[in-house]
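# Next comes the sequence, and after it the predicted model I'd like to discuss.
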Amino acid sequence: MFIVRPATIPTPPLTAAQRNRRRAADQLASELTDAARQGRQCHYSELAFVAPMNLIPETPTIIAEASQVAAAPPPASLRVGRNLRGEPVAVVLHGDRWSLVVQPNRAAADRPATSWAFLDGYGQAFDMAYLVFCFDDDPSVLGVTWTDMINHVLALAS
């Protein structure tokens with residue numbers, strides 16, 4: 001990433017937990033972007049729980065807020081990592097209590113986009129400020145709504 005000139009828009013103040021969560025989501029997007037540019041697979045190094053969406057109470061909130069953030073992003077709340085062809089390979093959205101990383105599907109791959117939700121408030125049992133949940137293809141009604149939201153976010157961020 002090259003900075004042509006420093007940002008002139010002030011970003012909202014963040015708590016330490018929000019900064020850590022955002023940093024972790026940005027790091028995953030950076031790893032996905034670097035891997036795509038180097039033509040290799042990315043193996044996410046942090047622990048991500050694969051969970052049914054209906055077990056995560058914040059899922060409807062993320063669905064409602066993510067499209068709004070993508071359509072009119074506040075400062076520092078949307079980032080897009082691109083491969084060498086300029087195609088998006090990682091999209092990051094930051095909300096107040098969540099961050100979302102989306103890896104679009106590739107044209108050659110017959111699978112939906114993969115997404116990771118970084119959520120505040122779940123990590124206390126593990127002595128962490130946040131937990132990461134990986135949502136792949138969920139056939140439930142909530143999963144279909146999630147997939148629609150992901151597709152909308154990708155269309156807005158592309």
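Cool, got the structure. Numbers count the residues shown, from 1 in each chain.
# Please point out which parts of stretch 61-76 sit buried.
Neighbour counts using 16 or more other Cβ atoms under 10 Å place 62, 63, 65, 66, 67, 69, 70 of stretch 61-76 among the buried residues. C-beta coordinates here come from the backbone N, C-alpha and C atoms, glycine included.
# for stretch 29-45, same thing?
Neighbour-count burial for stretch 29-45, with 16+ other Cβ under 10 Å as criterion, is recorded at 29, 30, 31, 32, 33, 35, 36, 42, 44.
# how would you label the fifth one: helix, strand or coil?
Going back to what we said before, that points to residue 33. helix (DSSP: H, G, I helix; E, B strand; the rest coil).
# For it, list the residues it contacts.
Shown in contact with residue 33 (Cβ atoms under 8 Å, 6 or more residues apart in numbering): 81, 82, 83, 89, 90.
# what do you get for the first one?
Residues counted as contacts of residue 29 (Cβ under 8 Å, 6+ apart) are 79, 81, 90, 91, 92, 101.
# and if you look at residue 130?
17, 20, 21, 24, 118, 119, 120, 121, 122, 123.
# Residue 37 and residue 71: what is the separation?
27 Å (Cβ to Cβ, to the nearest Å).
# starting at the chain centroid, how far to the lowest-mean-pLDDT helix or strand in the chain?
The weakest-scoring helix or strand in the chain, judged by mean pLDDT, DSSP states H and E, is strand 49-50 (a mean of 74). Put simply, strand 49-50 sits 15 Å off its chain's centre (Cα atoms, centre = their mean, to the nearest Å).
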